[in-house]
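Visitor: With the sequence up front, the predicted model follows.
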Amino acid sequence: MDTKFSRSGNTGLNGKLTCELKIHIDELTQTELLKKSSEIGMNKSEYGRMAIMIALFGIDYVISLQQSKIKLVAGIGANEGTDHAH
């Protein structure tokens, strides 16, 4: 078994987060961003990153990336359909 460890807490759906995007927004937008992101348990960076990815690549692509990561965690990445439930 090949164990891989990641020391970075900054990993996105497409891998390591190595680029930074700084934008200026108005107070109302900031307030709504904080409110919406908090309601779904995300911080403003996570929410903004997801919103940008959806706008650029489409919802289906972002969902498929999320599903792929979940399958790997569940142990069904390589052996598609294998159930390891106890």
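Guide: Perfect, thanks for sending it.

Visitor: surely Ile40 meets Tyr47?
Guide: Yes: contact criterion Cβ atoms under 8 Å: Ile40 and Tyr47 qualify, at 7.4 Å. Yep, even glycine has a C-beta here, placed from its N, CA and C like the rest.

Visitor: Look at the two and report which has more neighbours.
Guide: Applying other Cβ atoms under 10 Å to Ile40 and Tyr47 shows that Tyr47 carries more neighbours, namely 18 against 9.

Visitor: quick one, what contacts that one?
Guide: By Cβ atoms under 8 Å, 6 or more residues apart in numbering, the contact list for Tyr47 reads 33, 36-37, 40.

Visitor: let's see it at 7 Å
Guide: Tyr47 makes contact with 33, 36-37, according to Cβ atoms under 7 Å, 6 or more residues apart in numbering.

Visitor: Drop anything exposed from these.
Guide: Burial by neighbour count, 16 or more other Cβ atoms under 10 Å: within the contacts of Tyr47 this picks out Ser37.

Visitor: Which one of the contacts of Tyr47 is nearest to Asn14?
Guide: Nearest to Asn14 among the contacts of Tyr47 is Ser37, at 19.7 Å by Cβ to Cβ.

Visitor: shaky segments in this protein?
Guide: By pLDDT under 70, the low-scoring segments of the chain are 1-11, 77-86.

Visitor: again, only using 80
Guide: Scanning the chain for pLDDT under 80 picks out 1-15, 77-86.

Visitor: what ranges do the strands span in it?
Guide: Secondary structure of the chain, counting by DSSP state E: strands at 11-12, 15-16.

Visitor: so which of the ones you listed comes closest to Lys69?
Guide: Smallest distance to Lys69 across those (Cβ to Cβ): 9.5 Å, for strand 11-12.

Visitor: where's Gly12 relative to Lys22, distance?
Guide: According to Cβ to Cβ, to the nearest Å, Gly12 stands 17 Å off from Lys22.
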